[in-house]
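Engineer: got a sequence here, can you build the structure:
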Amino acid sequence: MKPNSLPETIPNWLNGEECPAKSGETFDKLSPHTGRKLCGVVRSGPQDVESAIQTARSAQEGWAALTPVQRGDILHDIAQSMRRHQKEIAEIVAMETGMSFNAALGETGGAIAEGEFMAGEGRRFYGRTTTSAVPNKYAMTVRQPLGVAGLIIAANTPIANVAWKVFPALVCGNAAVLKAAEDTPATAWYFARIAHETGLPPGVLNVIQGYGAEAGTPLVANPDVDVISFTGSTAVGRRIASIAGERLAKVSLELGGKNPLVVCDDADLESAAKWTLLSAFSNAGQRCASGSRIIVFDSVYDRFRDMLVERTKQLKIGPDNADDLGPVINEKQLVNMIDAIQAAQQRGAVVLSGGYRLDDDAHAGGFYLAPTIIENADPKDDISTIELFGPITCLYRVSDFQEALQLANASPYGLTACIHTLNFHRAMEFSQKIQAGVSVVNAGTFGSEPHMPFGGLKQSGNGTREPGTEALDVYSDLKNIIINIDPELL
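Structural biologist: Modelled structure (predicted):
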C-alpha cells in the first residue's frame, strides 16, 4: 500500500477490524513538511479505550495458551511481512514525520530487526532452576504473562517505537492496547494491518487513535490494564506513574534526556564534530538520546566551536534524501523551541547559528527550525536543563576531565552520554562514573540496537529497560515453583 492510498480517516483497530471512534469525532493530521492536512484521525475517548481493553482481555487467555515458541513464530512471520512491505512502511513514516525516505527506511529496518530478535526470544523464554537447602525439595522459576499491556508511544521514530513495545509485550503472552501517537497515526494503523493480515489472532493487538488526555489517560487508569509502558516526556511520565501508582500497576517509563557529549583536548576533532552534528541534529534533534549539551575542553574549544558552526551552516534542511535534517513534528513544538531560544538569549546566551524558523519558499508552511548552536548559557538555566526535543544544542567550556565529568552529571536527566578521547584511562573512567543508562566512546549519544537494553537514570526513566532481553522483565512476571517429594513413595 502506498501513502496516497491511505484511508481518508485513520481508524482504530479493535478485535482485528477497523472501526471509528464511538463519538464519530475526528481531528486533522498535518504534514510537518508543508503544514497541510494529510488525513483525518479518529478521536477516541474513554468508551473506545474500554472496548479495546475488554477485547484484549478476552483474547489474552487464548494467546497465552500458545507456547512461547508458537507466539514467536507468529511474530517472526509479522517481521518478515514487514520486510516485504518495508518501502511502504518507510513511505508512511517519512510522510508523517517529515524525515527523508532513506532515514525512514533505516528506522523501519531497525523495527524489523526488533521483531526478529523478540520472535527468537520465544525459543529462549528462560526461567531457571536452583537448589534448595532442604532435602527432597526442588525449585525453579518460570515466566508468566501479565495480562493486558497498555502501550503508549512517541512520534519521533514511530515504527521503531511500535516494534519496541508490541513485539516484547506479545511474545510474553500478553494482549495489547497500543495508544498511537497523535502525530503519527498511520504508522501504527499500517503496522496493525500487516500484523492481522499475517495471522495475528483478533484482539491480541488493538490500536487506539486520539489525544493523550482523552485516550491515553483512560488506558493508564483502567484496572484491567496490568502493565503500562510509556515513551515520552518526563512531565507526562510523572502523571502516568502517579495514576498507575494508585492501583499498583506495573509501569515502564522511558523518558527524556539532556545528553552530554564531551570533547577532550586529545580528541579527533574531525570525528567529534561529525558525531556532534549527528547527535544534535539528525532526525531534527527529535531523539530522547539527542546530544544537547556539548562539553568541550578549553584548549580546543574555540577551534571546535568554529568547526561546528561552519559545518552547521552547510547542512541541508528538508524532507529529501539529500537533506541532513527535516522539520519538527508539529507547530506547537516549533513555537516552544523558538520561545526557549529567545528566553535563553534574554539571560545572556549567544546564538552562534540558527535560532529561527525557516520561512523561505522551500520551507514555507512547514515546521522547520534552523539547526541551532548556543553558547554562554548558564548550566542551570532552562535551556540547559529542560528537554526541547528539536535541533538545538548548547556548548559549554571546561578546563579539564574532572570538570567535564562533573558538568556532564549535573543534570536532572541520565539517559545517554558520550566522550571523545584517545585516552583509554579517560574513556574507562568516564564510562564508569557517568550517571547515564548508556555510555558511548568516540561516537554519538544515540545508537541503541534491538538486543541492547535502553533506558536511563534520574528523570530519564524509572529503572526499566527496553528493548533487549531485559524487556521480558517488563512484560512478564516470575513465578517461583517449589516441588517437594516424599522419598517413601519413590
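Engineer: number of residues surrounding the residue nearest to residue 174 when sequence neighbours are not counted?
Structural biologist: For residue 174, ignoring the flanking residues on the chain, the nearest one in space by C-beta to C-beta, 6 or more residues apart in numbering is residue 149 at 4.4 Å. For every residue, glycine as well, the C-beta is placed using N, CA and C. When neighbours are counted by other C-beta atoms under 10 Å, residue 149 registers 29.
Engineer: same question, the one 3 residues further on
Structural biologist: Applying the criterion other C-beta under 10 Å, we find 26 residues in the vicinity of residue 152.
Engineer: doesn't residue 219 make contact with it?
Structural biologist: Yes. Contact criterion C-beta atoms under 8 Å: residue 152 and residue 219 qualify, at 6.9 Å.
Engineer: any idea how far the helix or strand bottoming out on mean pLDDT in the chain is from the middle of the chain?
Structural biologist: Among the helices and strands of the chain, strand 128-130 carries the lowest confidence by mean pLDDT, DSSP states H and E, at a mean of 92. Per C-alpha atoms, centre = their mean, to the nearest Å, the displacement of strand 128-130 from the mean C-alpha position of its chain is 34 Å.
Engineer: so for the next helix or strand after that strand, mean pLDDT?
Structural biologist: Using DSSP states H and E, the next helix or strand after strand 128-130 towards the C-terminus is strand 137-145. The average pLDDT for strand 137-145 rounds to 96.
Engineer: stretch 288-305 too?
Structural biologist: 97.
Engineer: next, the distance between the ends of that stretch.
Structural biologist: One end of stretch 288-305 sits 24 Å from the other (C-alpha to C-alpha, to the nearest Å).
Engineer: what comes up buried for it?
Structural biologist: 288-297, 300-301, 304-305 (16 or more other C-beta atoms under 10 Å).
Engineer: tell me which of those residues fall in strands.
Structural biologist: Under the assignment DSSP state E, the buried residues of stretch 288-305 contribute 291-297 to strands.
Engineer: quick check: beta-bridge partners of the residue nearest to residue 174?
Structural biologist: residue 176, residue 227 (DSSP bridges).
Engineer: which two among the buried residues of stretch 288-305 are spaced furthest apart?
Structural biologist: 288 and 300 (28.1 Å; C-beta to C-beta).
Engineer: for the chain, give me the ranges with low pLDDT.
Structural biologist: Low-confidence segments of the chain (pLDDT under 70): 1-4.
Engineer: and if we set it to 90?
Structural biologist: 1-6, 447-449, 467, 490 (pLDDT under 90).
Engineer: how is it divided into domains?
Structural biologist: Using automatic domain parsing, the domain parsing of the chain gives 3-255+461-479, 259-441.
Engineer: any chance of those in JSON lines, plus distance to residue 485?
Structural biologist: Formatted as JSON lines, the domains of the chain follow (distance: least, C-beta to C-beta, whole Å):
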{"stretch": "domain 3-255+461-479", "distance to residue 485": "5"}
{"stretch": "domain 259-441", "distance to residue 485": "44"}
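Engineer: closest one to residue 450 among these?
Structural biologist: domain 3-255+461-479 (4.1 Å).
Engineer: so how far is that closest one off the chain centroid?
Structural biologist: Worked out by C-alpha atoms, centre = their mean, domain 3-255+461-479 lies 12 Å from the chain centre.
Engineer: for the stretch 301-450 of the chain, just list every one of the helices.
Structural biologist: Assigned by DSSP state H, counting those that start in this stretch, the stretch 301-450 of the chain shows helices spanning 331-346, 382-385, 401-409, 424-433.
Engineer: for the stretch 151-300 of the chain, that is, sorry about that
Structural biologist: Along the stretch 151-300 of the chain, the segments classed as helices by DSSP H, counting those that start in this stretch run 158-171, 185-198, 217-221, 234-245, 269-281, 298-312.
Engineer: by contact count, what packs against the third one?
Structural biologist: Other helices and strands packing on helix 217-221, by 3 or more C-beta pairs under 8 Å, 6 or more residues apart in numbering; DSSP states H and E, are helix 46-65, strand 148-152, helix 234-245.
Engineer: looking at those, which is closest to residue 328?
Structural biologist: It's helix 234-245; of the helices and strands packed on helix 217-221, that one is closest to residue 328 (C-beta to C-beta) at 17.7 Å.
Engineer: winner for burial among the helices and strands packed on helix 217-221?
Structural biologist: Of all the helices and strands packed on helix 217-221, strand 148-152 has the most neighbours on average by mean count of other C-beta atoms under 10 Å, namely a mean of 29.
Engineer: hmm, who's touching that one?
Structural biologist: 53, 56-57, 60, 165-166, 169, 174-179, 212, 216, 219-220, 222, 224-232, 240, 475 (C-beta atoms under 8 Å, 6 or more residues apart in numbering).
Engineer: now, of those residues, which are buried?
Structural biologist: Buried members of these, scored by 16+ other C-beta under 10 Å, are 53, 56-57, 60, 165-166, 169, 174-179, 212, 216, 219-220, 222, 225-232, 240, 475.
Engineer: who's in contact with stretch 352-368?
Structural biologist: Outside stretch 352-368, the residues that reach it (C-beta under 8 Å, 6+ apart) are 31-36, 98, 305, 308-309, 312-313, 317-318, 326-331, 333-334, 338, 341, 345, 369-375, 391-392, 395.
Engineer: picking that back up, which of the residues in the least confident helix or strand of the chain are buried?
Structural biologist: Buried residues in strand 128-130 (16+ other C-beta under 10 Å): none.
Engineer: cool, stretch 449-467 as well?
Structural biologist: 450, 453-462, 464-467.
Engineer: where's residue 78, which helix or strand?
Structural biologist: With DSSP H and E as criterion, residue 78 is part of helix 68-84.
Engineer: with only the CA atoms kept, save the following helix or strand past that helix in PDB.
Structural biologist: Using DSSP H and E, the helix or strand that directly follows helix 68-84 along the chain is helix 86-97. Output in PDB follows, covering the C-alpha atoms of helix 86-97 (Å, rounded to 0.1, in the frame of the first residue of the first chain):
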ATOM      1  CA  GLN A  86       9.500  -2.200   4.200                       C
ATOM      2  CA  LYS A  87       9.300   0.500   1.500                       C
ATOM      3  CA  GLU A  88       5.600   1.100   2.000                       C
ATOM      4  CA  ILE A  89       6.100   1.500   5.800                       C
ATOM      5  CA  ALA A  90       9.000   3.800   5.200                       C
ATOM      6  CA  GLU A  91       6.900   6.000   2.900                       C
ATOM      7  CA  ILE A  92       4.300   6.300   5.500                       C
ATOM      8  CA  VAL A  93       6.900   7.200   8.200                       C
ATOM      9  CA  ALA A  94       8.500   9.800   6.000                       C
ATOM     10  CA  MET A  95       5.200  11.300   5.100                       C
ATOM     11  CA  GLU A  96       4.000  11.600   8.800                       C
ATOM     12  CA  THR A  97       7.300  12.800  10.300                       C
END
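Engineer: just checking, what packs against the next helix or strand after helix 86-97?
Structural biologist: With elements assigned by DSSP H and E, the helix or strand that comes after helix 86-97 is helix 101-121. Counting contacts by 3+ C-beta pairs under 8 Å, 6+ apart, helix 101-121 packs against helix 68-84, helix 86-97, helix 158-171.
Engineer: mean neighbour count, the ones you listed: which tops it?
Structural biologist: Mean neighbour counts for these (mean count of other C-beta under 10 Å) peak at helix 158-171, with a mean of 28.
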